[in-house]
Structure formats: structure tokens, C-alpha cells
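Visitor: I would like the atomic coordinates for the input below:
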Amino acid sequence: MMRKKINMSKFSLMVALMCITVTSNMIAQVSSNEKDVLVDLYNALDGNAWNQKWNLEEPVAKWHGVKVLNNHVVEINLFRNNLKGSLPGSIKNLEKLRYLNLAFNNIEGQLPVTLTELSNLAVLKIEMNRIEGTLPTEIGNLKNLKEFTAFNNFISGSIPESLGQIQNLKILNLSSNKLVGVIPNSLGSLSKLESLGLFENALEGSIPRQLGNLSKLKELVLANNEFRGEIPMEFGQLASLEVFQIQNNKFDSFKSLEYLDSKQFLVFDYDNKEDLNIDFKDVNFSKTRMADTKFDDEESE
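Guide: Presented below is the predicted three-dimensional model:
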């Protein structure tokens, strides 16, 4: 009887050890290379001052905002976490990264060109920081990108032509920066684009008629720039458009607005409404408003 009890005790101990081993194996591990990249990120962005710090002694899967799948880092969400400094070029080594949210922080400097090597990236959110310099011309290499939001930074230079190569792009918001030059015609090939925000830059020239090809576009905010010429007649094809704002520019004519279907708009703002003899029967201009690009983001759950 005593022997049976001893055997049962040994059996229980073995089961406990097996459970510990299985549990340990269930905590996803990443390569030392990927962990080194995260440590680089932590150091470059002053991790000791973060609101929610990483315990570098714990498994990577337990670090705040980091998601690991199949032993690879696939998500980094450090939204509003008091990040300061510049992004390290080593971030390119997170080859399986799909989601990167660094919005609402104090990141400075220029975006590293190596960021454009993250071929699996679907979401890139860097809004409400202090990022400066130009956007990498190679940004079109991010073929799987669906959302790119970079509003309220100090990004300068022109909009890269290569953005038109990102055929999966649905949301593009570069508002409230220091962008100059024209809107590339190539943006008219973004057939899946639903939202385009270029509000409050120093963009000029005519609006490309190619934007009239964006049949899924719901929101187009071009206000507070230096655009001239006429509104393209092709905008009459934008049947999905609900938010359209072009005020505070230098357009020569608004004649083409008569081709738009006023019934579709939730927000519609342009200059000199009182001076135009255009019949928009279904738009109550007293209810129109500036689409707010300075909104709070939400952490993914």
C-alpha cells in the first residue's frame, strides 16, 4: 500500500513536470535576430521612459504590444507609449511583420529606407509624431500595405510616385505635413482606395483627373493647399464619395461640381458657395464640416 502511494506521488510529479514543459513550449519563442531588432527598437526609442516598458528578461511574446505567431514577430502596437528618438534601420529584419502602430508618440528623424523592405506589412501607422524628411521613394515596395497613416508630422518633399504601385491600399492619410509638389497621377490606379487625406500641406498644380477612376473612394480631403485649375469632370464618376473637401485652395473654376450627385454627400465643403449658380438641392451646407484628421487612434485589441 505504501509502495502504491509512493508510485502515485512519482506519477503526479511527472505529470506536473510535463505540464510545465508544455506550458513553456507554448510561450512562443522568436529568433535571436528578431529579438535583437526589438531590443534595438527599445533602446533607440528610449524604452526606459515608455509608459509601458518591456521586461527584456521575459519571453518576447509577453512584451507590451508585441504579437508573436509561429515564432515570428507579426505585430508591434506601441500607440501612445511615450516613444522618443528615431527608428532604427534594423527594423527591416522583422520579415514577417504585418502591423506596425507607432502613432501618437514623439518619434523624430526620417523614416529609414529599410522600412520599405517589410514586404508583409499591411498596416503602417505613424501619425502624430515629429517625423521629418521625405518619404522613401521605395515605399511602393510595400505591396501588401492596406493602410498608411502619417498625418500630423513634419514630412517634406513630394508624394512618391511609387505609392501608386500599392494596389491593396485602402487608406492613405498624409494630412498636416509639409508636402509640396503635385498629386502623382499614379494615385489614380489605387482601385481599392477608400480614403485619401492630403489636407493642410503645400501641394499645388491641378488635381489629376485620374482620381476620378477611384470608384471605391468614400473620403477625399484636399483642403488647405495651393491647388489651381478646375475640378476634374471625372469626379462625377465617384459614386461612392461621401466626404469631399476642397476649400481653401486657389481653384480657377468650380463649374465641374455640377456633375456631382449632391445626394451622396455627408460632408461637402468648397469655397465661394454663395457666388456659384449651381443647384445642389440636397446638400445642407450649414451642416458641412471639416473632416477632422487630428483624431485619437485606438489600440488594437
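
Visitor: OK, contacts around the nearest residue to residue 228 once chain neighbours are set aside?
Guide: Nearest residue to residue 228, sequence neighbours excluded (Cβ to Cβ, 6 or more residues apart in numbering): residue 250, at 5.0 Å. Where you see a C-beta, it was placed from the backbone N, CA and C, and this is true even at glycine. The neighbourhood of residue 250, defined by Cβ atoms under 8 Å, 6 or more residues apart in numbering, consists of 226-228.

Visitor: where does residue 250 land in three-state SS?
Guide: coil (DSSP: H, G, I helix; E, B strand; the rest coil).

Visitor: coming back round to it: can you flag the buried ones in the contacts of residue 250?
Guide: With burial judged by 16 or more other Cβ atoms under 10 Å, the buried subset of those is residue 227.

Visitor: Among the contacts of residue 250, name the ones in strands.
Guide: Counted as lying in strands by DSSP state E, out of the contacts of residue 250, are 226-227.

Visitor: Relative to residue 183, which of the contacts of residue 250 is nearest.
Guide: The shortest gap between residue 183 and any of the contacts of residue 250 belongs to residue 227, at 8.4 Å (Cβ to Cβ).

Visitor: for the closest one, which residues make a bridge with it?
Guide: residue 205 (DSSP bridges).

Visitor: can you put the contacts of residue 250 in a markdown table and add distance to residue 76?
Guide: Below are the contacts of residue 250 laid out as a markdown table (distance: Cβ to Cβ, whole Å):
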| residue | distance to residue 76 |
| --- | --- |
| 226 | 36 |
| 227 | 36 |
| 228 | 41 |
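
Visitor: okay if I get the contacts of residue 250 as a markdown table plus pLDDT and distance to residue 135?
Guide: Listed next are the contacts of residue 250 as a markdown table, based on pLDDT from 0 to 100; distance: Cβ to Cβ, whole Å:
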| residue | pLDDT | distance to residue 135 |
| --- | --- | --- |
| 226 | 98 | 19 |
| 227 | 97 | 20 |
| 228 | 96 | 24 |
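
Visitor: Out of the contacts of residue 250, which comes closest to residue 270?
Guide: So of the contacts of residue 250, ranked by how close each gets to residue 270 (Cβ to Cβ), first place is residue 227, at 11.2 Å.

Visitor: so who does that closest one touch?
Guide: Contacts here follow Cβ under 8 Å, 6+ apart; on that basis residue 227 touches 203-207, 246, 249-251.

Visitor: who's in contact with residue 106?
Guide: Residue 106 makes contacts with 82-84, 129-130, as judged by Cβ under 8 Å, 6+ apart.

Visitor: for residue 131, same thing?
Guide: Residue 131 touches 107-111, 150, 153-155, counting by Cβ under 8 Å, 6+ apart.

Visitor: Give me the buried entries from those residues.
Guide: 107-108, 111, 150, 153, 155.

Visitor: got a list of what the spatially closest residue to residue 112 that is not a sequence neighbour touches?
Guide: Of all residues not flanking residue 112 in the chain, residue 89 sits nearest, at 4.3 Å (Cβ to Cβ, 6+ apart). The contact partners of residue 89, by Cβ under 8 Å, 6+ apart, come to 112-114.

Visitor: No further questions, thank you.
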